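[1] Please find the sequence and the predicted model below.
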Amino acid sequence: MEIRPETPADVDAIHDVTDTAFAPMPFSAGDEAACIRKLRADGDLTLSLVAVIDGDVVGHVAFSPVFFDARSVGWLGLGPVAVRPHLQRRGVGSALIRQGLAQVKASGAKGCVLIGDPGYYHRFGFVADGRLTYRDLAARYVQWLTFGAERPSGVLTYSPGLE
Ligand SMILES: CC(C)(COP(=O)(O)OP(=O)(O)OC[C@H]1O[C@@H](n2cnc3c(N)ncnc32)[C@H](O)[C@@H]1OP(=O)(O)O)[C@@H](O)C(=O)NCCC(=O)NCCS
């Protein structure tokens, strides 16, 4: 498996992987692939990595700027992340997330936030302490990973493509 940044030739495959992976998820709004396209069109797709096996895109992760209390803060949001269903639970998602976090950290970002299941994201070092909030979501779903000493607080918003 190779993990590399997206190229223009990957755009339709990323859309398909995302649609297919989110389709069975009860929490899905069904618009995740469209959100990625909007992030890209807006110039907010800060990092977009694909996982490729035998020439096929089988997984994808996106990172985009986030805001705390409407302020630009140098933090990125992780997501959407998706892996083709028949290839899930084989480490593809973890590899995408770990490589993405390493690149985001190396780029100088202060940290990364996400909304997701703590049971999955704790393994990457994400924590939730209730100081960062997102709409009326329970605190444990609003998770962050700091690359320095800063601990995020306030009201989290994403780039327009994800709001
Ligand atoms: C989430 C996702 C990207 C993970 O990719 P993956 O390649 O299956 O992940 P990995 O193989 O690296 O990790 C699998 C582990 O994650 C766990 N896991 C996967 N999805 C999980 C979830 N939603 N909640 C809790 N644990 C989850 C598996 O139980 C497995 O745990 P184990 O290693 O202890 O057995 C993939 O399941 C997916 O595309 N899901 C549909 C889209 C989605 O829900 N995206 C995330 C929205 S926040």
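    Cool, got the structure.
[2] Only C-alpha atoms from now on, for both contacts and neighbour counts.
    OK.
[3] In the protein, which residue is most central in space?
    Geometric centre of the chain, nearest residue: G79, 1.8 Å, by C-alpha atoms, centre = their mean.
[4] Secondary structure element for that residue, which one?
    Using DSSP states H and E, G79 maps to strand 71-83.
[5] Once you drop chain neighbours, what's closest to R140?
    A128 (5.3 Å; C-alpha to C-alpha, 6 or more residues apart in numbering).
[6] Do you know the pLDDT at that neighbour?
    Residue-level confidence at A128 comes out at 97, pLDDT.
[7] mind listing what's buried in the strand holding G79?
    Buried residues in strand 71-83, counting neighbours by 16 or more other C-alpha atoms under 10 Å, are found at W75, L76, G77, L78, G79, P80, V81, A82, V83.
[8] tell me the contacts of the last one?
    For V83, the contact set (C-alpha atoms under 8 Å, 6 or more residues apart in numbering) comprises V17, T18, A21, V58, G59, H60, V92, G93.
[9] who does it bridge with?
    Under DSSP bridges, the beta-bridge partners of V83 are G59.
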